[in-house]
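>>> 3D model of this:
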Amino acid sequence: MLFEALMQISKMEFYSLTQLARNLKVSEDMAHHLVEQLKAMGYIKEESFGVECGGDCKTCAGCPAAKGALPIKTLVITEKGKQALNLAN
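Below you'll find the predicted structure:
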């Protein structure tokens, strides 16, 4: 099941726990557990892409950082994960 989860994550253009659970035909809690196991094993890692303020703005009215934009989190397959996927193919 862990390897199937890794394969599904690698196929996703954008990571979604709900979609992963649907693809694996498991609950979201189970999908979350699988993701955490894959992280602990070093096959995937979480990356965050935030909105940062450089302080060079003339005005903050249109700045996403000033509006409290949340960082975007995604999962990335590590080199170890890529090797595991390559062995299966």
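>>> can we go C-alpha only for contacts and neighbour counts from here?
OK.
>>> any low-confidence regions in this protein?
Scanning the chain for pLDDT under 70 picks out 50-71.
>>> ok, longest helix in it?
Assignment by DSSP state H gives helix 28-40 as the longest helix of the chain.
>>> any buried residues in that one, and which?
E28, A31, H32, L34, V35, L38, K39 (16 or more other C-alpha atoms under 10 Å).
>>> check the offset of that helix from the chain's centre.
12 Å (C-alpha atoms, centre = their mean, to the nearest Å).
>>> could you list the residues in contact with the very next helix or strand once past it?
Once the chain leaves helix 28-40, the next helix or strand it forms, by DSSP states H and E, is strand 44-49. With contacts defined as C-alpha atoms under 8 Å, 6 or more residues apart in numbering, strand 44-49 is touched by L38, K39, P71, I72, K73, T74, L75, V76, I77, T78, G81.
>>> put the alpha carbons of the helix or strand just after strand 44-49 into PDB.
Next helix or strand after strand 44-49 toward the C-terminus (DSSP H and E): strand 72-77. Presented in PDB, the C-alpha positions along strand 72-77 are these (Å, rounded to 0.1, in the frame of the first residue of the first chain):
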ATOM      1  CA  ILE A  72       1.400  26.700  -0.300                       C
ATOM      2  CA  LYS A  73       2.500  23.200   0.900                       C
ATOM      3  CA  THR A  74       3.200  20.300  -1.500                       C
ATOM      4  CA  LEU A  75       4.900  17.000  -1.500                       C
ATOM      5  CA  VAL A  76       8.000  16.200  -3.400                       C
ATOM      6  CA  ILE A  77       9.400  12.800  -4.300                       C
END
